[in-house]
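Trainee: When you get a sec, could you give me coordinates for this:
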Amino acid sequence: MLLSQTSQYAVRAVIHLAERRGEPSQVGAIAEALGIPRNYLSKILHRLAGAGVLASERGRGGGFRLAVPPEALTLARIIEPVQPGFADRRCLLGRSGCNDADPCPVHDQWKALAGQILAFVGETTLADVVRRGLEP
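Mentor: Numbers count the residues shown, from 1 in each chain. Here you go, the predicted model:
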């Protein structure tokens, strides 16, 4: 349920692109600005492009840009392509049979917290994040 390193990189890269307000940005420039390994970031950005989160343009002046307006792009939509199954709530203790009928010792607390996390990423848009980052 927690964000993987890949998801964190994806969110940071998409925020970077949102701040560029539609100007395409090349992988190398994004990688350098964010301190992310270029080849790793390239794979992430291509996965996001395949999912329709980003658009890519080849050639001179090309690069990656948002394919979805920031107001319509939730954090969940950014995370899911790079961390499939993120929204699947699994037992915190790894029990395969953990459920409401046969809960583990932390089931109820984890279920509530996981629900809050999923609500947060499902309701928070890229515009919300960028706006909060610009506020003093």
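
Trainee: For the protein, give the helix that spans the most residues.
Mentor: Secondary structure of the chain read by DSSP state H shows that its longest helix is helix 107-123.

Trainee: hmm, who's touching it?
Mentor: Contacts of helix 107-123 with the rest of the structure, by C-beta atoms under 8 Å, 6 or more residues apart in numbering, involve 1, 74-76, 79, 86-87, 89, 91-92, 98-100. (C-beta placed from N, C-alpha, C; glycine too.)

Trainee: from those, which ones fall inside helices?
Mentor: 75-76, 79.

Trainee: Just put those residues in CSV and tack on pLDDT, neighbour count and distance to G59.
Mentor: Shown next, in CSV, are the ones in helices among the contacts of helix 107-123 (pLDDT from 0 to 100; neighbours: other C-beta atoms under 10 Å; distance: C-beta to C-beta, whole Å):
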residue, pLDDT, neighbour count, distance to G59
L75, 96, 22, 31
A76, 96, 16, 32
I79, 96, 22, 30
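
Trainee: Among these, which one sits closest to S7?
Mentor: Checking the ones in helices among the contacts of helix 107-123 against S7 with C-beta to C-beta, the nearest one is I79 at 4.8 Å.

Trainee: what's near enough to touch the nearest residue to R95 once chain neighbours are set aside?
Mentor: Closest residue to R95 apart from its sequence neighbours, by C-beta to C-beta, 6 or more residues apart in numbering: C104 at 5.0 Å. Taking C-beta under 8 Å, 6+ apart as the contact definition, C104 lies against 91-93, 95, 98.
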